[in-house]
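[1] What follows is a predicted structure for the sequence shown.
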Amino acid sequence: MVRHGESTANALNQYTGWNNVGLTQEGIVQAHVAAKKLKGFEFDHVHTSVLKRAIITAYIIQDELNLNYVPITKSWRLNERHYGALRGLNKDRTRREYGVSQVHLWRRSFYSIPPQLQTPDPNVGPYKYLDRRSMPVAESLYQAYQRIIPYYVDQVAPRLLDGKNQLIVAHGSTIRALIKYIEGISDQDIDGVEVANGEPLVYDFDSKLNIINSNRTKK
Ligand SMILES: O=C(O)[C@H](O)COP(=O)(O)O
């Protein structure tokens, strides 16, 4: 699993969520570095969100590894957690306005829901055929987990059980949800898990999907 390279919003320290921002030059470099770290891996399938910062990172990795031919599935279910009315705001400014602990809760607690949008965004582009009731106005990590894990269970786990290596290129909270599920981390302890841009996280599983090996550093 790889979190996309630095985005233009990351560089401005802005809440992003479902905002569709591109990569910075640094983010492009991080994607190439991630690919170099994955040298030697062969993937049978690539999964990503419908947000371009993840898609471009996935394309860079596939290109660098000469795996352009590998099928890729883009799903809204792998989108970043929806940041509601916080999106586009500067994280330091909200710390000054709402306090450090409130911002920490919004960013890292499993159940805290950020301030909601008045109405969901219009169903256009990749969300054209998404049931309006599934369009979030803000998500806690718990709510995002509810739409991310079914994707993993339906699309990733069966291929793992079939012995297929896969690459997931997604977002900080998407990957935190997947780590929580895969490692069985508690609702409280997920609070301390951070995912850096462009740092590949590798899991090896046995035939029953128990983890045999992982490079994730636990604090
Ligand atoms: O959506 C965002 O703002 C970032 O991708 C992740 O933000 P976080 O570090 O606040 O979870």
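    Cool, got the structure.

[2] The residue of the chain found nearest the ligand in helix, strand or coil?
    Proximity of the chain to the ligand (C-beta to the nearest ligand atom) peaks at Thr16, 3.5 Å away. No exception for glycine: its C-beta is placed from N, CA and C like everyone else's. Of the three states, Thr16 takes coil under DSSP: H, G, I helix; E, B strand; the rest coil.

[3] Pro158 falls within a helix, correct?
    Yes: counting by three-state DSSP, Pro158 is found in a helix.

[4] number of nearby residues for it?
    10 (other C-beta atoms under 10 Å).

[5] And the pLDDT at Lys219?
    With respect to pLDDT, Lys219 scores 68.

[6] where does this protein dip in pLDDT?
    In the predicted model of the chain, residues 219 satisfy pLDDT under 70.

[7] got the residues of it near the ligand?
    By the rule C-beta under 6 Å from any ligand atom, the part of the chain lying against the ligand is Tyr15, Thr16, Gly17, Glu80, Tyr83, Arg107, His171, Gly172, Ser173.

[8] Farthest pair within those residues?
    For the residues of the chain next to the ligand, the farthest-apart pair by C-beta to C-beta is Arg107 and His171; their separation is 13.0 Å.

[9] Tell me which of those two has more neighbours.
    Just comparing Arg107 and His171: by other C-beta under 10 Å the higher neighbour count belongs to His171, 27 against 19.

[10] and that one, what is it in contact with?
    Counting by C-beta atoms under 8 Å, 6 or more residues apart in numbering, His171 touches Arg3, His4, Ser49, Leu51, Arg53, Ala54, Leu78, Asn79, Glu80, Arg81.

[11] Just the buried ones among those, please.
    The neighbour count (16 or more other C-beta atoms under 10 Å) marks Arg3, His4, Ser49, Leu51, Arg53, Ala54, Leu78, Asn79, Glu80, Arg81 as buried among the contacts of His171.

[12] In this structure the second one contacts Leu23, no?
    Yes: shown here, His4 and Leu23 form a contact pair, counting by C-beta atoms under 8 Å, at 7.0 Å.

[13] Mind listing the shared neighbours of these two?
    Here His4 and Leu23 have Ala31, Arg53, Ile56, Thr57 as joint contacts, going by C-beta under 8 Å, 6+ apart.

[14] Between those, identify the one with the most neighbours.
    Neighbour max across the shared contacts of His4 and Leu23 (other C-beta under 10 Å) = Arg53, 31 neighbours.

[15] Give me the three-state assignment for it.
    State at Arg53, reduced to three classes by three-state DSSP: helix.

[16] how near is it to Asp189?
    27 Å (C-beta to C-beta, to the nearest Å).

[17] repeat for Tyr127
    From Tyr127 across to Asp189, the span is 32 Å (C-beta to C-beta).
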